[in-house]
Structures are given as C-alpha cells and as structure tokens.
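Student: compute the structure for the input listed below.
(chains A, B, C and D)
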Protein chains: 2
Amino acid sequence: MERKRVTINDIADHAGVSRSTVSLVLQEHPRISGETRQRVQRSIHDLGYTYNRNAANLRRRTSQAIGLIINDICNPFFAELTSAIEETAAESGYFVYLVESAEDIERQHQVLMSLIEHDVAGLIICPATGTPPETFDKLYATGVPMCLAVRPYPDDRLDFAGPDNYAAAKLAASHLIETGHRRIAFLGGERNNPSRIDRLSGYFSALQGHGLEFDPALVIESRPSRLSGIGDVERVITLPDRPTAALCYNDFVGISVMHGLRRNGLEPGKDMALVGFDGMPETELTFPPLSTVSLHARSVGRSAASLLIMRIAKPERRPHREVEQPILIVRESSTLRR
Amino acid sequence: MERKRVTINDIADHAGVSRSTVSLVLQEHPRISGETRQRVQRSIHDLGYTYNRNAANLRRRTSQAIGLIINDICNPFFAELTSAIEETAAESGYFVYLVESAEDIERQHQVLMSLIEHDVAGLIICPATGTPPETFDKLYATGVPMCLAVRPYPDDRLDFAGPDNYAAAKLAASHLIETGHRRIAFLGGERNNPSRIDRLSGYFSALQGHGLEFDPALVIESRPSRLSGIGDVERVITLPDRPTAALCYNDFVGISVMHGLRRNGLEPGKDMALVGFDGMPETELTFPPLSTVSLHARSVGRSAASLLIMRIAKPERRPHREVEQPILIVRESSTLRR
DNA sequence: CTGAAAGCGCTTACAG
DNA sequence: CTGAAAGCGCTTACAG
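Tutor: Next up, the predicted model:
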C-alpha cells in the first residue's frame, strides 16, 4: 500500500558511491568527476528517484514558499494582483500558497499562523477589513518577512505596495468637476474599508479645491458583493435632486450603477456621468464604455512580490513603500453629456 | 543576522522534560499529565516557539500541500474554480499552491515536477492546450495523486471533474433553434481546445437534430485574450448573409461580440441573438443581459478538490468522473427578437 | 575527487 | 506518565 520512496541512499547503493556524492551530483557540484556523475545520473533515472526539496530545505533552513492572503480571488483586481505575484515569485524560484480570508479576521489569523508553521519564506498580506494589531504583532514576533499589499495599514515596520487611492479619487472627481458637474455622488464600498476612506478624502479634497459643497446624502455605502450593491446604490439614483455624476467605489459598482440607471429608465453616461476605480479590462466592454481610474493591479503585484523577495534576502532593510500612481482612463460614460 | 530558531529541544530544556514529552504535548496527547502539559505550554509561550510542520511532515511522511495548475487566474471561470478548490482544501486542512501555466506546456511540465519535489500531497491539473502524454506518464510514474479539472484529457487512469460541454452547447443551440433561428454561428475559442471541440459537437448535434444544415463559414476561431477576440469575430458579423444568432465560446466572447455589433451599428439581442458559456456573474450586468449556459465553476472546483482528497486517502481507488450538468440561463440577449 | 559523521526539527515505537 | 534512541531525506564541513 505505502509506496516505498526512493531516496538518496538508494541511489548511493545502486551507483556504488556515498550519499554525499549523490547529493553533490544533485547540486551539480563541479568537483564531481564526469564519470561518477554519469553513473549517479543513470541510477537516478533507473530507480525513478525524485528529489525531496522539503528535506533539503529543513537541512538548509530555507524555503521556496510564499504565502499570499487576499480577501477574494473572484474580484478581478485581486485576480490580476495574484497573477502578477505568482509570476514574479516564479521568476525567483518561489511558489505561492494562495489563501482567501473572505474578510474573516479569525480565519485570517489562524491561516497566517499556520502558513508560518509551514515554514513559508515570507508573506504577502492584503489585510481583511478590521484586522486587529495583535495579528501583526504576532507575525512580527515570529520574524517572518512580510509585505502589505493594496490595503494600507498603519504600521511603519512593514513594507507596502499599493495604489494611491487618494490621488485616484482626486483625479476622477476633478475630471467630473472640470466636465461641468456640480453634484457628484460617491457610490458604494464598505464603511471601514481603508481604500474607500482614502478615496473619500481624495473626493472631498477635489470638491474643496473647486469650492464645491459636500452633501452627505450623496455618499452611499454598499455591501461587498458585486450584485448586492445594486440595491444599496439605487436610492441615490432616484433622489429628487439627483446628482449628475458619480464616482463609483470600483468598476463593479460602476457596472451595477449602469444597470440600476437603466432599470429606472435612465441612460448611463447621459443622465449620469460615471467613473469607476480599478481599471478592469471589462470596463472597455460595457455600454457605454466605463471611464475608470486604473490602479495597476499588475504593477502593485509585481512590487509587492519584489519587496518581499528583497526583504527575505535582507531582513534588516528599512521598510519601503511603493505607491503606484493611478491613471485616469476617460471613456464615454463620463463624456456623453446630455 | 540569522535568527536563532526556537526548537522543541529548547522547550524541553526550558521546561525540564524530554523532547518526546514536548512533542506529545504539541499533539495534545492525552497521556501527558496536566501539570507537565502546563509547564511545557508556559515554556512554549515564554520562548516564542513556533512549530515546524515541515519537519514533522518529513518524519511522518505526509503533506498538507496541494498543487493547482491552471491557465489563467484572471479568467473569472478559473477564479471561481480556484476559490472553490481553496475553500474545499482548507476545510480538510490543505493549503494550495497556485500556479499559472499561461498555456506554456514547457513551463507546465517543469512546474509540475517541481511541485512534486516540494512534496505536495496531490495535484489538481487543468492541462494546458497541447499537453503531451509524456507529462502525464511522468507524473503517473511518481505515484502522486492527481485529479484533472475542467479540461478533459484522454487518460482513463485519472480522476476528472468538469462541465458537460457537449450538453451545454446542445442546450444553448436548441434554445436558439426553438426560438426560431436558422443561421446560428459558433464564435470564438481556439482550435485545439478540447472544451471547444466538445461544445462544437453539441452545436452540430443540435443542428442535425433539427434538420438544419451546417455552414462552416459560421464557425470562427479567436485568440485567447478577452480583447483580441473582438476582431477575429467581427468578420462574421459583417457577412452579407449574416447569421441571426450566435453561440459564443464563453461569456467574454459574448460581451466582445456585443461590443463588435454596436461598433457596426447593430444591436445585440435584436440584430443577433447571443448566448455565452460559463455563467459569469457579470453576464447579468451587460446590456442587454447576456443569456449564458452556467458551467458551475464552483461545483467543479469543489468536486475536483474532493476527488483529489479522496484519492490521497485511497490511492488504489478506481478512477472517478464528476461531470457537472449545465443549466441554461435565458436572458434578453437571446429573446429580444426584432 | 570522495566518504564518514553530524545535524536540520520533528515523531514514534520501545522501555521503564 | 516520561525518556532514550532511531530515523524521516537531505547537506555540509571535515578528512583523506
């Protein structure tokens, strides 16, 4: 039943050498003579040997595993982020453990500790909303290298890679204001989400900079799921003094709002100018095409992975932050004034 | 520089017991007296010990890691699949290594072998298009438990979980035929993709079943990316004898075709009825809402993970197949006849 | 160029 | 209830 595992010892016996020699052959050490190398490689082939890197890692005290914890892989922004992290990690010989927290801070805590037991070389963390400081203190105590991604967290011991949400929102709001809008809503997102908080301040700042008043009735929260947000946001659409434009917390919300407008007999882009955040490829395919602020998920992912890999190499390095500058992509959803 | 690692030996010394005892405490073995257990736990806490599960795994000859290889995590179908696999794996105490093959069969081969060196307990594989039999033969030779997902592969030694592409296409095509369409295109997908081949036969079968002729000019391939497909598909739209309806290889293609129609002054749903495949949530948000055949990515993911976990537990189990039955979701894109 | 020995951090019969 | 010993599969000085 139990498959007998072929080990370095079996190879040594079969090839008539010591296991030190086999190990050196495996590492392509130059000091091994061509003849013995070939003999060993024959045995490796004949016996169907497969290297056990975990055993080697134990002995060497290294690891090729990186743990990545995000909220939801089905969110295209995080899918792109994950893809870039995986790609960058692979270039440096790392594998990535993917874990979804589903915004559950209990589960997040447990799974992070478990990843450390599994001896990851480092951690990339998009902290769940409401992550308590204790989680980071515990992680910090273990000495595991880590990098925060996407979601800022007030802890200056940590590396961070993420978008500039403040600048992104200011950019988008200014665009709408300069297009002539005066009543601009901010739709969607959950209250305590730090990205949303930063976007809100960018929005305020743009209003202020243009001498516009802030109307709290125009700021609407929504639940996280892509579909449940529609209803939350529909209220503002049907307001008597309806806003003429809206910043949408992300591109999903933007698409939902389009839908909501149509359901109420209004035309997206004409009856309400719309800008989203994230820069999802899908925004190009909506009708009308959705203006969006690209947050460069791939770049953020690449930066996060690079920062972590550098910290693994140099634990005493001082903390770095890589803040990606957003780009406004103007499409018809914000230029089709009626 | 090198952080001294706290091990079981340090705990043993500190608590004044043997390391066997510490190990037993860690495993919550009932035979350890309450008093020593507490003493040991104090030491664990005081010294900031963290368990090294890899060392334990080496000794125990087990592993909690599962390798998942897919083509592209940014494809929402695969994102959902991955999410379900991760969730199911976590329920059974497994972590998942996520790897993207990007349809590169060289890279796929290497990375699979590397995962095995990393001592994964098993593998879930969505084989890249064109995967050669040798890859599976090598994997099979190592004895690693594995499960194929989504993409069928002619190897009856393997467990498989995936959608019934043939039934899905037959369902969609029959729907269009019964709605009154006679010229129905099949748009998008890459030639050698086995899922596409199965969908094509479902499409043929529906045509045949209704006594309709097959016109090869109405079957169009497209490149994989979500955006590049538009151009490939636009040809058929502008045909003199334009089809009145189309099966779109997946929902992305469906959305692209909507876009392409509009660019040519045609109205999706009215000038051409459209049905996609996958059942992405976004289809509900397009305009008009896109009819689609749901392939149940989550169920497929759950099945794949369960099959693998069962195989890990029982390697000699005979191969199982879990074929998910698709469901047609009819929306306006296929019912807005002009 | 090659081998004997110690050790990575843990577990598990086996004694007592 | 607890400890001494062997061992998981590998690596790495250290001799020769």
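Student: give the next helix or strand downstream of the host helix or strand of residue A:43.
Tutor: Following DSSP states H and E, one finds residue A:43 within helix A:34-47. Per DSSP H and E, the first helix or strand lying C-terminal to helix A:34-47 is helix A:53-60.
Student: quick one: average confidence on the helix or strand just after that following helix?
Tutor: Note on helix A:53-60: by DSSP H and E, the next helix or strand toward the C-terminus is strand A:65-70. When pLDDT is averaged over strand A:65-70, the result is 98.
Student: do the same with stretch A:148-162
Tutor: 92.
Student: buried sites along that stretch?
Tutor: Using 16 or more other Cβ atoms under 10 Å in any protein chain shown as the test for burial, stretch A:148-162 gives A:148-153, A:158-162. Backbone N, C-alpha and C define where each C-beta goes, glycine included.
Student: so what would you say the end-to-end distance of that stretch is?
Tutor: Stretch A:148-162 has an end-to-end distance of 8 Å (Cα to Cα, to the nearest Å).
Student: rewinding a little: now, the buried residues of stretch A:148-162 that are in strands?
Tutor: A:148-149, A:159-162 (DSSP state E).
Student: nearest to residue B:254 among those?
Tutor: Closest approach to residue B:254 among those (Cβ to Cβ): residue A:149, at 32.2 Å.
Student: residue contacts, the closest one?
Tutor: Neighbouring residues of residue A:149 by Cβ atoms under 8 Å, 6 or more residues apart in numbering or on different chains: A:81, A:85, A:124-126, A:160-162, A:300-301, A:304.
Student: reformat these as CSV; add distance to chain B.
Tutor: Formatted as CSV, these follow (distance: Cβ to the nearest Cβ, whole Å):
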residue, distance to chain B
A:81, 10
A:85, 9
A:124, 12
A:125, 15
A:126, 15
A:160, 22
A:161, 18
A:162, 19
A:300, 14
A:301, 11
A:304, 15
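Student: still on that earlier bit, which strands or helices does the helix holding residue A:43 pack on?
Tutor: Applying 3 or more Cβ pairs under 8 Å, 6 or more residues apart in numbering or on different chains; DSSP states H and E, we find helix A:34-47 packed against helix A:8-15, helix A:19-26.
Student: so can I have JSON lines of the ones you listed showing mean pLDDT and mean neighbour count?
Tutor: Compiled in JSON lines, these are given as follows (pLDDT from 0 to 100; neighbours: other Cβ atoms under 10 Å in any protein chain shown):
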{"stretch": "helix A:8-15", "mean pLDDT": "91", "mean neighbour count": "18"}
{"stretch": "helix A:19-26", "mean pLDDT": "91", "mean neighbour count": "19"}
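Student: same list (the ones you listed) but as a markdown table, adding distance to residue B:140.
Tutor: Formatted as a markdown table, the helices and strands packed on helix A:34-47 follow (distance: least, Cβ to Cβ, whole Å):
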| stretch | distance to residue B:140 |
| --- | --- |
| helix A:8-15 | 20 |
| helix A:19-26 | 23 |
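Student: to chain B, which of the ones you listed lies closest?
Tutor: Counting by Cβ to the nearest Cβ, chain B lies closest to helix A:19-26 out of the helices and strands packed on helix A:34-47; the figure is 10.6 Å.
Student: so residue A:246: helix, strand or coil?
Tutor: Of the three states, residue A:246 takes strand according to DSSP: H, G, I helix; E, B strand; the rest coil.
Student: count of neighbours near it?
Tutor: Residue A:246: 33 surrounding residues under other Cβ atoms under 10 Å in any protein chain shown.
Student: pull the helix or strand with minimum mean pLDDT from chain A.
Tutor: helix A:229-237 (a mean of 71; mean pLDDT, DSSP states H and E).
Student: host element of residue A:140?
Tutor: Using DSSP H and E, residue A:140 sits within helix A:133-142.
Student: elements contacting that helix?
Tutor: In this structure, helix A:133-142 makes packing contacts with helix A:105-117, judged by 3+ Cβ pairs under 8 Å, 6+ apart.
Student: and the helix it packs on, what's its mean pLDDT?
Tutor: When pLDDT is averaged over helix A:105-117, the result is 96.
Student: and it with strand A:65-70, angle?
Tutor: On the basis of axes from the mean of the first three to the mean of the last three Cα atoms, to 10 degrees, helix A:105-117 is oriented at 170 degrees to strand A:65-70.
Student: list the buried ones in helix A:105-117?
Tutor: A:107-109, A:111-116.
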